[in-house]
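Asker: no sequence for this one, just the structure:
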């Protein structure tokens, strides 16, 4: 009983701004009546000192799942109260309209079909329940409104009502005054945060847009990520800075570009290029690229993230949502192509390295497999991502199995060589002893 009272009190606290004074009073009176009844059973009823009578009016409430009813005592006779519509019972339904109008009883029940998410009924079943209870999970499947988890783990209901605590006509002036107070030092316990309107990143292999700072990240902020070269012997890289939400760099806004030169020639994937995005409190973006091997660094400064207005930002976000499926497919294709090229590069370099340890016929088969995979890669526009992935996986399994055989052969030859060398040394020692 006390657990139920705590739940209802919590729900009343959550919904008090939306419930009428009459409804709140009725529900609270119900709890009081239930408490009195329970305490009476345990002979712990608290009575007034004058005459041993209970102070205040007695109200009897049937808080039903479907309908509720309220009665009072007039003298020695109980009387059922009528609601605003003259009915002696009231449907246990509460609703909130788009205009933030609160409806109770039959008016709420009539509009339930057109406003299902903000119409609450049968909420009595949630009293005393935790959000993780099986009964609550079952209830969530059958009701049209949202059941949410409270901070203490209870099951609450949630309505989408507009917040009118701030007048939109006054918001800008109030914000400007607060900002002035912060700048003037009068306000010290308030931090005003700005965010990045769109994601920031760079173009990587295949034209993919790789995000370093996501949209709506609070500023100031700083993020770094390590990249590498895409070709053997590459001595410079071009860093293209983009802004937007699309998966491919060409579909986003180019903010600037710069080159990092003087990278020592090395196989692809070996050099480590650290790219850093640093946005200060004024929204100025500092982008730098540093070769970890040599310490050489280049950077670019971008003012005001490209100077996009609100409409342009919203259009870019909508375009990203509209073409999300197509962009994802294009990105998956490019990433799979990049993976295949990396597999081919690594395999062919290892083929040359282990050429002497590989059987001639197996070496020829692997070379033919690489040629077929390159042919499929050249026709990538007519191939599905799944077909490319399966072909690459099959080739990789074939090459790994062959290289495993070559490695075992090299290990066996090395052990035989060491054994032979040890035997020769032993014979020489014996000859010296005989002399």
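Answerer: Done, it's in. The structure presented is a predicted model; accordingly, all values stated were derived computationally and were not measured. Numbering: from 1, shown residues only.
Asker: shaky segments in the stretch 251-400 of the chain?
Answerer: Within the stretch 251-400 of the chain, the stretches with pLDDT under 70 are 304-307.
Asker: Do a quick rundown of the helices in it.
Answerer: Shown for the stretch 251-400 of the chain, the helices assigned by DSSP state H, counting those that start in this stretch span residues 310-322, 324-353, 360-378, 385-434.
Asker: for those, which one sits closest to residue 159?
Answerer: Nearest to residue 159, of all those, is helix 310-322, at 26.6 Å by C-beta to C-beta. (Glycine included, C-beta is placed from N, CA and C.)
Asker: And that closest one, what's buried?
Answerer: By neighbour count on 16 or more other C-beta atoms under 10 Å, the buried set for helix 310-322 is 313, 316, 319, 320.
Asker: what do you get for stretch 281-288?
Answerer: 283, 285, 287, 288.
Asker: any chance of those in JSON lines, plus distance to residue 360?
Answerer: Listed next are these as JSON lines, based on distance: C-beta to C-beta, whole Å:
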{"residue": "283", "distance to residue 360": "64"}
{"residue": "285", "distance to residue 360": "57"}
{"residue": "287", "distance to residue 360": "51"}
{"residue": "288", "distance to residue 360": "51"}
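Asker: residue closest to the middle of this structure?
Answerer: Nearest to the geometric centre of the chain sits residue 214, at 11.4 Å (C-alpha atoms, centre = their mean).
Asker: so that residue sits right up against residue 198, yeah?
Answerer: No. In this structure, residue 214 is not within contact of residue 198 by C-beta atoms under 8 Å, at 9.4 Å.
Asker: Please, which helix or strand holds residue 240?
Answerer: Per DSSP states H and E: residue 240 is located in strand 236-243.
Asker: quick one: buried residues of that strand?
Answerer: For strand 236-243, a neighbour-count test (16+ other C-beta under 10 Å) marks 237, 239, 240, 241, 242, 243 as buried.
Asker: Closest one of those residues to residue 170?
Answerer: Taking C-beta to C-beta as the measure, residue 243 is the one of those closest to residue 170, at 32.6 Å.
Asker: what sits opposite that closest one in the beta ladder?
Answerer: Counting by DSSP bridges, residue 243 is bridged to residue 200, residue 253.
Asker: From residue 138, how far out is it?
Answerer: Per C-beta to C-beta, to the nearest Å, residue 243 is found 47 Å from residue 138.
Asker: Need phi/psi at residue 177.
Answerer: phi -70, psi -40 (degrees, to the nearest 10).
Asker: Residue 323 now?
Answerer: phi -100, psi 20.
Asker: so who does the residue nearest to it when sequence neighbours are not counted touch?
Answerer: Distance criterion C-beta to C-beta, 6 or more residues apart in numbering; nearest residue to residue 323, sequence neighbours excluded, is residue 246 at 6.9 Å. Neighbouring residues of residue 246 by C-beta atoms under 8 Å, 6 or more residues apart in numbering: 209, 252, 316, 319, 320, 323, 327.
Asker: what about 6 Å?
Answerer: 252, 320, 327 (C-beta atoms under 6 Å, 6 or more residues apart in numbering).
Asker: Then residue 300?
Answerer: Applying C-beta under 6 Å, 6+ apart, the residues near residue 300 are 256, 258, 287.
Asker: what do you get if the cut-off is 7 Å, keeping everything else the same?
Answerer: By C-beta atoms under 7 Å, 6 or more residues apart in numbering, residue 300 lies in contact with 241, 256, 258, 287.
Asker: ok, the first one touching residue 252?
Answerer: No. The pair residue 241 / residue 252 is not scored as a contact, 9.9 Å apart, by C-beta atoms under 7 Å.
Asker: Run a quick neighbour tally on residue 259.
Answerer: By the other C-beta atoms under 10 Å criterion, the neighbourhood of residue 259 contains 11 residues.
Asker: can you check residue 269 too?
Answerer: 14.
Asker: swap in the one 10 residues further on?
Answerer: The number of residues packed around residue 279, counting by other C-beta under 10 Å, is 23.
Asker: Check residue 171 too.
Answerer: Counted with other C-beta under 10 Å, residues neighbouring residue 171 total 10.
Asker: so how many other residues sit close to residue 125?
Answerer: 15.
Asker: Please name the nearest non-neighbouring residue to it.
Answerer: Closest to residue 125 by C-beta to C-beta, 6+ apart is residue 139, at 5.9 Å.
Asker: From residue 159, how far out is the one you found?
Answerer: 17 Å.
Asker: Same check on residue 140?
Answerer: Residue 140 sits 16 Å away from residue 159, going by C-beta to C-beta.
Asker: for residue 94, same thing?
Answerer: Residue 94 sits 9 Å away from residue 159, going by C-beta to C-beta.
Asker: just residue 144 next, same as before
Answerer: Distance, residue 144 to residue 159, using C-beta to C-beta: 12 Å.
Asker: between those two, who's got more neighbours?
Answerer: Each of residue 144 and residue 159 has its neighbours counted (other C-beta under 10 Å); residue 159 has more, 18 against 13.
Asker: Do I have it right that the more buried one meets residue 96?
Answerer: Yes. Between residue 159 and residue 96 a contact is recorded at 4.8 Å, counting by C-beta under 7 Å.
Asker: Could you check how many residues crowd around residue 209?
Answerer: Residues within reach of residue 209, counting by other C-beta under 10 Å, total 24.
Asker: In three-state terms, how would it be classified?
Answerer: Following DSSP: H, G, I helix; E, B strand; the rest coil, residue 209 is assigned to strand.
Asker: Which strand residues bridge it?
Answerer: residue 203.
Asker: Contacts only, for it.
Answerer: By C-beta under 7 Å, 6+ apart, residue 209 lies in contact with 201, 203, 242, 246, 247, 248, 249, 252.
Asker: Equivalent analysis for residue 265, please.
Answerer: When contacts are counted by C-beta under 7 Å, 6+ apart, residue 265 touches 233, 235.
Asker: next one: residue 228
Answerer: 269, 270, 271, 272, 273.
Asker: at 6 Å instead, please
Answerer: Taking C-beta under 6 Å, 6+ apart as the test, what residue 228 contacts is 269, 271.
Asker: From residue 247, how far off is it?
Answerer: From residue 228 to residue 247 the distance is 21 Å (C-beta to C-beta).
Asker: try residue 337
Answerer: In terms of C-beta to C-beta, residue 337 sits 14 Å off from residue 247.
Asker: Alright, calling it a day.
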